[in-house]
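Enquirer: attaching a predicted model along with its sequence, questions to come.
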Amino acid sequence: MYIRSSWISPGLFAAILFCFFLPFIDIKCNDALIGEVRGMELITGEDMFDNSLLPDAAVNTDDQDVSSQIDRNYFAVAAWVLALCGLVISLTMLARKAADSGGKEMLLGFIGLAGILCMLLMKMQIENRIRRDAGIASKYVIHLDFAFGYWITLVLFVLVAFMNINSFMQQKRNAVAAAARPHPEDASG
């Protein structure tokens, strides 16, 4: 099965960029949704939610910014930049109609793999930070659920990586098979 990724890869990278405007994290207190964080908020570092939604005892008046301010997540920034680079590279290679050497597919496959790694490291970093900072609101059950925007982005990175690496491997198999076939000129000589 040989998949031509000429228009599929740019479409997937554009969809990944769009997914960063969707909710990545749902913030819940005692299973009640108190806020959500979009992917772009992770990239830029903004307020997560309003402290007025929390019970008074959960808000530490000495350190207000612990529960309301998020820092820029550099793994999210890297994933967004990788998706943007993947879109630009796939569009420029598409416009250039480069020879089918497979270099484009391998590069886009590596970008997809790097995007997967960034998304997983982002999730681990956020979960570890929440676990570390949970002592402040340990009386109240505040937890994070990764929302559909995060999961769709991760799946799209997996699709980009799989599709492009598969396309690269198929091109190499076809090149080896074509080189192994006897040429008609060689048999007549």
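Expert: Sure, I can see it. Numbering: from 1, shown residues only.
Enquirer: going forward, measure contacts and count neighbours with C-alpha atoms only.
Expert: Fine.
Enquirer: need the helix or strand of this protein with the lowest average pLDDT.
Expert: Within the chain, no helix or strand scores below helix 65-68, which has a mean of 48 by mean pLDDT, DSSP states H and E.
Enquirer: so where do the strands sit in this protein?
Expert: 23-29, 32-38, 142-146 (DSSP state E).
Enquirer: elements contacting the first one?
Expert: Read it as strand 23-29. If you count contacts as 3 or more CA pairs under 8 Å, 6 or more residues apart in numbering; DSSP states H and E, strand 23-29 packs onto strand 32-38, strand 142-146, helix 148-180.
Enquirer: how about the shortest one: buried residues?
Expert: Of the residues in strand 142-146, those buried by neighbour count under the rule 16 or more other CA atoms under 10 Å are Ile142, His143, Leu144, Phe146.
Enquirer: in TSV, list those along with pLDDT and distance to Ile116.
Expert: Putting the buried residues of strand 142-146 into TSV (pLDDT from 0 to 100; distance: CA to CA, whole Å) gives the following:
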residue	pLDDT	distance to Ile116
Ile142	74	27
His143	77	23
Leu144	83	20
Phe146	92	15
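Enquirer: residues touching the closest residue to Cys29 other than its chain neighbours, list them.
Expert: Spatially, and ignoring its direct neighbours in sequence, Cys29 is nearest to Ile142 (4.4 Å; CA to CA, 6 or more residues apart in numbering). Ile142 makes contact with Ile27, Lys28, Cys29, Asn30, Ala134, according to CA atoms under 8 Å, 6 or more residues apart in numbering.
Enquirer: so Asp71 makes contact with Met40?
Expert: No - counting by CA atoms under 8 Å, Asp71 stays clear of Met40, with 11.9 Å between them.
Enquirer: buried residues in stretch 75-86?
Expert: Counting neighbours by 16+ other CA under 10 Å, one finds that the buried residues in stretch 75-86 are Phe75, Ala76, Val77, Ala78, Ala79, Trp80, Leu82, Ala83, Leu84, Gly86.
Enquirer: my error: substitute stretch 166-185 in the last question.
Expert: Within stretch 166-185, judged by 16+ other CA under 10 Å, the buried ones are Asn166, Ser167, Phe168, Gln170, Gln171.
Enquirer: swap in stretch 36-44?
Expert: Glu36, Val37, Arg38, Gly39, Met40, Glu41, Leu42, Ile43.
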